[in-house]
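In: From the sequence below, what's the structure:
(2 chains)
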Amino acid sequence: MALSDIDLVMLAKASQDETAFAELVRRHQAGLRAFLRRLGPDEAHADDLAQEAFLKAHRRVASFQGGASFRSWLYAIAWREFLQAKRKDGARGRATAALVAEPRDGEAVRDLAADLSLDLKRALALLDESERAAILLCDAAGLSHGEAAAALGAPLGTVKSQIARARAKMRAALEGKISPATEPTSLQPDGAAHAC
Amino acid sequence: MPVDLIEKLLSDDFARARAGLERDGFSERVFERVARKKRLRLFAVGLAGSLGAALAAVQFAKLTGVLSAAVPIVADISARAGAAGVSASFVPQLLAAAAIAVAFAATALVLHNEA
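Out: Residues are numbered from 1 along each chain as shown, chains lettered A, B, ... in the order given. Coordinates of the predicted model:
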């Protein structure tokens, strides 16, 4: 039976067990990177931030109290890394500009799924960062409202409002972009991805 | 457009993105960086320990002098050591050597725990 995140954290804390921490990295790296890649414009930079987040998590794992899930603790580190990097860059607005920019000749992706993804990225780019982070954590990554609030360091009510605003903005942005041919066949929530 | 559809689009998009990132060597790059940081820390601790020991060795004569002069009990120990057949003049040196040995042991302990 696979160990839970908390079991692995306890192992990592108790014996400085690198294999336990390695398993946590393997479990969460793809989700964390996908979150950071949707949050900002630059995929390589997103991966750098994810690496920094994991290094910090490794350094601080002994201080993990277990009050929140490991996942929300890890995403909280990554969110702070993202905000810190943005402040350092002084590149306010660059993220949005890069997301909204038209693809150059030769890099246009032409299948429907990719087009849809591009529309989604543009719709996400219209949100402010907190709204984008909140809706990505809940609607995309499948965190609960409580986990998202812990990750973003915001009150639960604030996160709920941000998600509602973000959904309304995205609905407006995507209205007319989705033809029946590109709509998903099922609108039923499926499992953990819809925890909110 | 129903809210459910936005959730579905986002979660599908996210799942696609995740799937493409599962096995691209990122985890190994993180492990390598963790290991590199650990090696650097070990090197820094080892270097600090060696430097400290070297400085202590250079100051060994002074240290024994200070111990002789500043610790009154040394005189008593010296007297007892003399009675036990150990030259009293060596006692401050033994104490200084013990202090250096403790420093070495502490460094070794840290290195052992880090490794």
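In: And A:R26, how far from B:R29?
Out: Remark: distance between A:R26 and B:R29 (Cβ to Cβ, to the nearest Å) = 12 Å. Bear in mind the C-beta positions are built from the backbone N, C-alpha and C, glycine included.
In: Do me a favour and average the pLDDT over the helix or strand hosting A:A123.
Out: Using DSSP states H and E, A:A123 falls within helix A:112-125. Mean pLDDT, helix A:112-125: 75.
In: pull the CA atoms of the helix or strand that that helix is followed by into CSV?
Out: Heading C-terminal from helix A:112-125, the first helix or strand you meet, by DSSP H and E, is helix A:129-135. Extracted C-alpha coordinates of helix A:129-135, given in CSV (Å, rounded to 0.1, in the frame of the first residue of the first chain):
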residue,chain,number,x,y,z
GLU,A,129,-2.8,36.9,-10.1
SER,A,130,-4.7,36.0,-7.0
GLU,A,131,-7.9,35.1,-8.9
ARG,A,132,-5.8,33.1,-11.4
ALA,A,133,-4.0,31.3,-8.6
ALA,A,134,-7.3,30.6,-6.8
ILE,A,135,-9.1,29.2,-9.8
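In: could you say what helices and strands helix A:129-135 packs with?
Out: If contacts are counted by 3 or more Cβ pairs under 8 Å, 6 or more residues apart in numbering or on different chains; DSSP states H and E, helix A:129-135 sits against helix A:18-39, helix A:70-89, helix A:112-125, helix A:145-152, helix A:156-174.
In: Residues touching it, excluding its own?
Out: A:38-39, A:79, A:83, A:86, A:95, A:124-125, A:127, A:148, A:152, A:154, A:159, A:162-163, A:165-167, A:169-170, B:10 (Cβ atoms under 8 Å, 6 or more residues apart in numbering or on different chains).
In: Quick one, which of those are buried?
Out: With burial judged by 16 or more other Cβ atoms under 10 Å in any protein chain shown, the buried subset of the contacts of helix A:129-135 is A:38-39, A:79, A:86, A:95, A:124-125, A:127, A:148, A:152, A:154, A:159, A:162-163, A:165-167, A:169-170, B:10.
In: Confidence-wise, which helix or strand of chain A is lowest on average?
Out: Here the helix or strand of chain A ranked lowest by mean pLDDT, DSSP states H and E is helix A:94-100, holding a mean of 50.
In: and A:A150, how far is that from chain B?
Out: Per Cβ to the nearest Cβ, to the nearest Å, A:A150 is found 19 Å from chain B.
In: Just list the residues touching that residue, thanks.
Out: Counted by Cβ under 8 Å, 6+ apart, A:A150 has contacts A:A68, A:S69, A:S72, A:W73, A:A76.
In: so who does the last one touch?
Out: Looking back up the chat, that one is A:A76. So A:A76 contacts A:A68, A:A150, A:A151, A:L152, A:G153 (Cβ under 8 Å, 6+ apart).
In: With A:S69 instead?
Out: With Cβ under 8 Å, 6+ apart, A:S69 has these contacts: A:D5, A:E147, A:A150.
In: which residues in chain B form strands?
Out: Using DSSP state E, no strands are found in chain B.
In: Return the residues of it in contact with chain A.
Out: Residues of chain B found near chain A, taking Cβ under 8 Å from any Cβ of the partner chain as the criterion, are B:1-19, B:21-22, B:26-27, B:29-31, B:33-34, B:37, B:113.
In: Put the buried members of those into a ChimeraX selection.
Out: To isolate the buried members of the residues of chain B next to chain A in ChimeraX, using 16+ other Cβ under 10 Å:
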select /B:1,5,6,7,8,9,10,11,12,13,14,15,17,18,21,26,27,30,31,34
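In: so of the residues of chain B next to chain A, which ones are in helices?
Out: Those of the residues of chain B next to chain A mapping onto helices are B:3-19, B:21, B:26-27, B:29-31, B:33-34, B:37, B:113, per DSSP state H.
In: Let's have the contacts of A:S69 in CSV, adding distance to A:A34 and pLDDT.
Out: As requested, those are exported to CSV (distance: Cβ to Cβ, whole Å; pLDDT from 0 to 100):
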residue, distance to A:A34, pLDDT
A:D5, 18, 88
A:E147, 16, 94
A:A150, 19, 94
